[in-house]
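> below: sequence and its predicted model.
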Amino acid sequence: MSDVTPFIEEPRPTRAAAVIPAAGLGLRLGPGAPKALRPLGGTPMLVHAVRAMARARAVALVVVVAPPEQVTLVRSLLDEHPPPPAVDQLVVAGGATRQESVRLGLAALPEDIGVVLVHDAARPLVPVETVDAVASAVRSGAPAVVPALPVTDTVKAIAKPGAPGEPEPVVATPERALLRAVQTPQGFDRATLLAAHDAATSDLATDDAGLVERMGVEVVLVPGHEEAFKVTRPLDLLLAEAVLARRRINDGY
Ligand SMILES: Nc1ccn([C@@H]2O[C@H](COP(=O)(O)OP(=O)(O)OP(=O)(O)O)[C@@H](O)[C@H]2O)c(=O)n1
Ligand SMILES: C[C@](O)(CO)[C@H](O)COP(=O)(O)O
């Protein structure tokens, strides 16, 4: 357990901000522009992600963490696709890893933000109900809230990654019923998330809740959503196009 105090004792400010790390290259998607700028239904993926967060009632500010060379481009892109009038937006330059990009986004938050939702630009189709559920659980007092789904594949553990194409010996089969695949937005009490990033070591975490767990602070899961999947590989982009096309037919989205 850490001696970091996760809760602010006095009444918390309730304005929530969404920090959207969007500075990744998208190497697994194949050659092209940085992933967040690639089109989905003719509009950059990042614009979908910003809209998804700005639509949530709790969100008063969206901080986009852009690829460092594309900050000006991203600013103009967001000016072309403005959020609702009640939502402010900021664009800052990202870093070499997701963790560093989130840290740079957090550094731009104004003082009156009490709740922070960290959401991957690479999850452009997260439904607003999922965002609202995460924000509301944090506002009800949970310091760290993560949307998650049960795992459908059986998962095997190996001792270390092998060379590409080489067989990898299995060391364990974790009980599937106890595993969850986690998504974003991950929601946090601001002080807890800042403390977690301040305490981070060179051992990178693949999600923000992982840093909070390392401090010994409880992280809770709420139901995620199938459509909050991460666009990582080319097949994911095909699926995202199909989901968006269905929404446009069904909801005029
Ligand atoms: N240096 C980085 C790396 C990642 N991200 C963001 O973190 C989110 C999740 O990362 P991932 O899907 O792994 O994106 P990439 O790092 O771009 O993917 P790849 O590993 O295939 O290059 C994305 O919205 C991505 O833009 C970021 O802001 N800064
Ligand atoms: C934060 C995340 O989306 C939760 O599933 C995921 O860990 C990001 O991982 P990646 O390494 O950036 O693909």
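In hand now; what should we look at? Ligands and ions are numbered 1, 2, ... in the order given.
> L78 belongs to a helix?
Yes - L78: assigned to a helix according to DSSP: H, G, I helix; E, B strand; the rest coil.
> what comes up buried for stretch 49-58?
By neighbour count with 16 or more other C-beta atoms under 10 Å, stretch 49-58 contains the buried residues 49-56, 58. To be clear about C-beta, it is placed using only N, CA and C from the backbone, and glycine gets the same treatment.
> what do you get for stretch 179-186?
Buried residues in stretch 179-186 (16+ other C-beta under 10 Å): 182-186.
> tell me the confidence at P6?
The model reports P6 with a pLDDT of 57.
> buried sites along the helix or strand hosting G210?
Using DSSP states H and E, G210 sits in helix 208-214. Within helix 208-214, the residues scored as buried using 16+ other C-beta under 10 Å are 208-213.
> hmm, which two among those are most spread apart?
Within the buried residues of helix 208-214, D208 and E213 form the most distant pair, 9.9 Å apart (C-beta to C-beta).
> near ligand 2, anything from the helix or strand just after the helix holding G210?
Later in the chain than helix 208-214, the nearest helix or strand by DSSP H and E is strand 220-223. No - taking C-beta under 6 Å from any ligand atom as the criterion, strand 220-223 and ligand 2 are apart, separated by no less than 11.9 Å.
> contacts for strand 220-223?
Strand 220-223 has contacts (C-beta atoms under 8 Å, 6 or more residues apart in numbering) with 130, 133-134, 137, 142, 144-149, 180, 182.
> returning to that earlier point: closest to ligand 2 out of the buried residues of helix 208-214?
D208 (7.1 Å; C-beta to the nearest ligand atom).
> show me the contacts for the closest one.
Contacts for D208 were tallied using C-beta under 8 Å, 6+ apart; they are 99, 102, 118, 186, 188, 193, 196-197.
> check contacts around the residue lying closest to H119 once chain neighbours are set aside.
Of all residues not flanking H119 in the chain, P185 sits nearest, at 3.8 Å (C-beta to C-beta, 6 or more residues apart in numbering). Listed by C-beta under 8 Å, 6+ apart, the contact partners of P185 are 18, 53, 117-119, 126, 130-131, 134-135, 147.
> could you check how far P185 is from A205?
16 Å (C-beta to C-beta, to the nearest Å).
> mind listing the helices for the stretch 101-250 of the chain?
With DSSP state H, counting those that start in this stretch as the criterion, the stretch 101-250 of the chain has helices at 128-139, 190-199, 208-214, 234-251.
> mind putting those into CSV with mean pLDDT and distance to V170?
Formatted as CSV, the helices of the stretch 101-250 of the chain follow (pLDDT from 0 to 100; distance: least, C-beta to C-beta, whole Å):
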stretch, mean pLDDT, distance to V170
helix 128-139, 97, 33
helix 190-199, 97, 32
helix 208-214, 98, 24
helix 234-251, 95, 25
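> ranking those by burial, who's on top?
helix 208-214 (a mean of 22; mean count of other C-beta atoms under 10 Å).
> looking at the buried residues of stretch 49-58, which is nearest ligand 1?
Looking at these and their distance to ligand 1, the nearest is A49, at 7.6 Å (C-beta to the nearest ligand atom).
> shouldn't the closest one be in contact with V131?
No - with contact defined as C-beta atoms under 8 Å, A49 does not reach V131; the gap is 10.7 Å.
> sweet, I'm off.
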